[in-house]
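Engineer: starting from these lines, generate the structure:
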Amino acid sequence: MSIAATFEIEYLQYLDAEGKPVRKDLPEFTRDLEHMVELYKLMVSTRVFDTKSIALQRTGKLGTYASCLGHEAAHVGIGSAMRREDVLAPSYREYGAQLYRGVQPREVYMYWGGDERGSDFQKAPKHDFAWSVPIGTQCLHAAGAALAFKIRKEPRVAVCTIGDGGSSKGDFYGAINIAGAQNLPLVAVIVNNQWAISVPRRIQSGAKTLAQKGLAAGLFAIQVDGNDIIAVRKAMDDALERARSGQGGSVIEAVTYRLGDHTTADDARRYRGEAEVKDAWTRDPVKRLRAWLESKKAWSEKKEEAWKTECEAWMDEEVNAYLKTRTQPVEAMFDYLYAELPADLVQQREQLLALERGH
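Structural biologist: Residues are numbered from 1 along each chain as shown. Model (predicted):
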């Protein structure tokens, strides 16, 4: 018998659920405790932002919203590793990565409030993509950007994110396949939060890991503890460096958990038990990094309370800015899809304006 191929998938973890190192060789960036504190502060900020967002939706001030509760380490780890010139093509809940790259909370509120101006980022890179609600299409966008970088010989990387369920979509497979075939600078991160709305991971795929899907495309593949920001950041640093230096793309599976509902239109109690969620809270990514920072004397309860107060004030300011934003006229629905409106939509727009004028 001959063997066509064999493979292994590495699992990367540096901190356990209690914030204690499980290996001695922590990455170089962890020596900069000020930077690690900044990452932690953004994780806390993201959680405060998420809480505010749900409150806005529950009081009728926001449309359906996708919570990121429990994903803070994965998302901030992704965003903090990227360079400004890189491109991020997110799905619809990677707020931690976007906040790190300069997206303002008020812009997120505008988007989920139905205002397309929320996608016109004022401080984040203009080349970053906006949220992608259609599952998987952002992976193709990222692959296209990566191809452009290769053609232009630019040392830039395209990063896309997708959920565990989304990794079963043809869009995802198409994106990683072309990335492998053309040796593109693409990093695809599967944020495996165990649930594709109400479908559990165990019946989504027969693969032992989701990371190994990257191997079929000829990409580097690794699975990491998605609740350990050090592991996520290290895997991202390595993948970005490989891609930037012409060594090809990667698929990173970040194993985490969706602590909240899929969106505010969902009630996860209908399909998963309380015991499972309670167990997942023991692996809380925010608690984990805080414990490690406290062991290094870099954080304290006093600093925690001060930062939470500052976060509350920041988010209140962002909420007020969103609520004070003047609503666009109804005809604005025609302004964000085409560079030049097709004739039938021109007619519809004129009909709408005539109705508004009372004709």
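Engineer: so where's this structure uncertain?
Structural biologist: 359 (pLDDT under 70).
Engineer: please report phi then psi for Ile222.
Structural biologist: In terms of degrees, to the nearest 10, the main-chain angles of Ile222 are phi -150, psi 150.
Engineer: right, and it touches Ala254 too?
Structural biologist: No. Ile222 lies out of contact with Ala254 (CB atoms under 8 Å); the separation is 9.7 Å. Backbone N, C-alpha and C define where each C-beta goes, glycine included.
Engineer: quick one, which of these two is more surrounded?
Structural biologist: Taking other CB atoms under 10 Å, Ile222 and Ala254 do not tie; Ala254 has more neighbours (31 against 22).
Engineer: about what we covered before: overlap in contacts, Ile222 and Ala254.
Structural biologist: Common neighbours of Ile222 and Ala254, counting by CB atoms under 8 Å, 6 or more residues apart in numbering, are Ala235.
Engineer: burial count for Gln122?
Structural biologist: For Gln122, the count of nearby residues is 11 (other CB under 10 Å).
Engineer: leaving out sequence neighbours, find the closest residue to Ser67.
Structural biologist: Of all residues not flanking Ser67 in the chain, Gly260 sits nearest, at 4.0 Å (CB to CB, 6 or more residues apart in numbering).
Engineer: please name the residues that touch the one you found.
Structural biologist: 50, 54, 67, 69-70, 268.
Engineer: name the nearest of those relative to Gln194.
Structural biologist: Of all the contacts of Gly260, Gln194 sits closest to Gly70, with 9.8 Å by CB to CB.
Engineer: for Glu305, give its distance to Cys311.
Structural biologist: 11 Å (CB to CB, to the nearest Å).
Engineer: then Lys208?
Structural biologist: 39 Å.
Engineer: tell me which of the two has more neighbours.
Structural biologist: Cys311 (20 against 9).
Engineer: host element of the more buried one?
Structural biologist: Using DSSP states H and E, Cys311 sits within helix 301-324.
Engineer: which SSE is immediately downstream of that helix?
Structural biologist: helix 343-357.
Engineer: verify the stated contact: Lys308 with Thr51.
Structural biologist: No. Taking CB under 8 Å as the definition, Lys308 is not a contact partner of Thr51, at 10.8 Å.
Engineer: could you look up the SS state of the residue nearest to Ser67?
Structural biologist: coil (DSSP: H, G, I helix; E, B strand; the rest coil).
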